[in-house]
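Asks: using only what follows, build the 3D model:
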Amino acid sequence: QVQLVESGGGSVQAGGSLRLSCAYAGDVLRMGWFRQAPGKEREGVAIISAIGQTNYAKTVEGRFTISKDNAKMTLYLQMNSLLPEDTGVYYCAADRRRPGALGLDVDLFSYWGQGTQVTVSS
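Replies: Predicted structure coming up:
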């Protein structure tokens, strides 16, 4: 079984930074971050493959960085230059299949954390 626990969310002013962490247990290959704003569908933010390749949503490219520390079994999302539209619940996701897939699709992930709230004020 795979367990994912996010932390690091909070409230910040526009232009600020936050770093999200996701501690994981179990064997995983691909991992990613997704977010869901009120009244909207969950959307992919950033993905990291089993060999460290990354893919970002166009809305966060150049501002967010996904990384993974295998020794600490922790996934990170460094978020800089935050905008009010980045507000939402951020979810960590993982999967054991298709190690090279870099799609930002919700359906490509089987395991999910409980989410952490990020609020960016203008």
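
Asks: tell me how many other residues surround residue 113.
Replies: Residue 113 has 22 neighbours, counted by other Cβ atoms under 10 Å. The C-beta positions use only the backbone N, C-alpha and C, and glycine is treated the same way.

Asks: from residue 100, how far off is it?
Replies: According to Cβ to Cβ, to the nearest Å, residue 113 and residue 100 sit 23 Å apart.

Asks: got the phi/psi numbers for residue 86?
Replies: With angles defined as degrees, to the nearest 10, residue 86 sits at phi -80, psi -10.

Asks: and the pLDDT at residue 15?
Replies: Note on residue 15: pLDDT of 98.

Asks: ok, and the closest non-adjacent residue to it?
Replies: residue 81 (6.2 Å; Cβ to Cβ, 6 or more residues apart in numbering).

Asks: give the contact list for that neighbour.
Replies: The contact partners of residue 81, by Cβ atoms under 8 Å, 6 or more residues apart in numbering, come to 15, 17, 63.

Asks: now swap in residue 18 and tell me
Replies: 8-10, 12, 79, 82, 118.

Asks: now it: phi and psi?
Replies: Dihedral angles (degrees, to the nearest 10) for residue 18: phi -140, psi 150.

Asks: for it, list each beta-bridge partner.
Replies: Judged by DSSP bridges, the bridge partners of residue 18 are residue 79.

Asks: ok, it to residue 74 distance?
Replies: 15 Å.

Asks: list of residues touching stretch 98-109?
Replies: 29-30, 32, 34, 42-45, 47, 49-51, 53-55, 57, 93-95.

Asks: what residues sit buried inside it?
Replies: Using 16 or more other Cβ atoms under 10 Å as the test for burial, stretch 98-109 gives 101-102, 104, 106, 108-109.

Asks: with stretch 76-85 instead?
Replies: So for stretch 76-85, counting by 16+ other Cβ under 10 Å, buried means 76-77, 79, 82.

Asks: can you give me the end-to-end span of that stretch?
Replies: By Cα to Cα, to the nearest Å, the extent of stretch 76-85 from end to end equals 20 Å.
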